[in-house]
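**Q** Fold the following.
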Amino acid sequence: MIRDSARMQPNGEKPPESGGQAVVYVRGEGLAIDDLYRVAAQGAQVALSADAAILGRMQASHDYVMTAVAANQPIYGITTLFGGMS
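**A** Sure thing, here's the model as predicted:
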């Protein structure tokens, strides 16, 4: 069972499309090693949060990276092949 209630549906129930299987929600924060274990070793499903604010932050990040890549702008860890996100 997923410990962090932020990764569950607002009512605390697993979403119906999961078939009752655990789901780890990507929210931009709070991802823990045990979440990765659930996905990698126990087959938990992964889903993006449906929260509009979170999706807005994801879109802004995507737009920033796409603009930088189109302009050949080096971004440490993304376009330089060095750093934590390379």
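**Q** May I have the phi/psi pair for the closest residue in space to Thr80 that isn't next to it in sequence?
**A** Counting by C-beta to C-beta, 6 or more residues apart in numbering, Pro74 is the residue found nearest to Thr80 once chain neighbours are left out, at 5.3 Å. (Glycine included, C-beta is placed from N, CA and C.) Per-residue torsions, Pro74: phi -70, psi 130 (degrees, to the nearest 10).
**Q** which outside residues touch the top helix by length along the chain?
**A** Using DSSP state H to define each element, the chain has its longest helix at helix 52-70. Applying C-beta atoms under 8 Å, 6 or more residues apart in numbering, the contact partners of helix 52-70 are Arg27, Gly28, Leu48, Ser49, Gln73, Ile75, Ile78, Thr79.
**Q** so what's the fourth one scoring on pLDDT?
**A** If I follow you right, that is Ser49. At Ser49 the predicted local distance difference test score is 89.
**Q** check contacts around it.
**A** With C-beta under 8 Å, 6+ apart, Ser49 has these contacts: Tyr25, Val26, Arg27, Gly28, Leu55.
**Q** Can you report how many residues neighbour the residue nearest to Thr80?
**A** Pro74 has 9 neighbouring residues, counting by other C-beta atoms under 10 Å.
**Q** wait, isn't it in contact with Leu81?
**A** No - contact criterion C-beta atoms under 8 Å: Pro74 and Leu81 do not qualify, at 10.1 Å.
**Q** For the protein, give me the ranges with low pLDDT.
**A** 1-20, 83-86 (pLDDT under 70).
**Q** before we move on, the earlier item: flag every buried residue along the longest helix of the chain.
**A** Ile54 (16 or more other C-beta atoms under 10 Å).
**Q** Now do the phi/psi pair for Val26.
**A** Residue torsions, per degrees, to the nearest 10, at Val26 are phi -90, psi 120.
**Q** Give the full set of residues in contact with the residue nearest the centre of the chain.
**A** Taking C-alpha atoms, centre = their mean, the centroid of the chain lies closest to Val26, which sits 3.0 Å from it. Contacts for Val26 (C-beta under 8 Å, 6+ apart) come out as Val46, Ala47, Leu48, Ser49.
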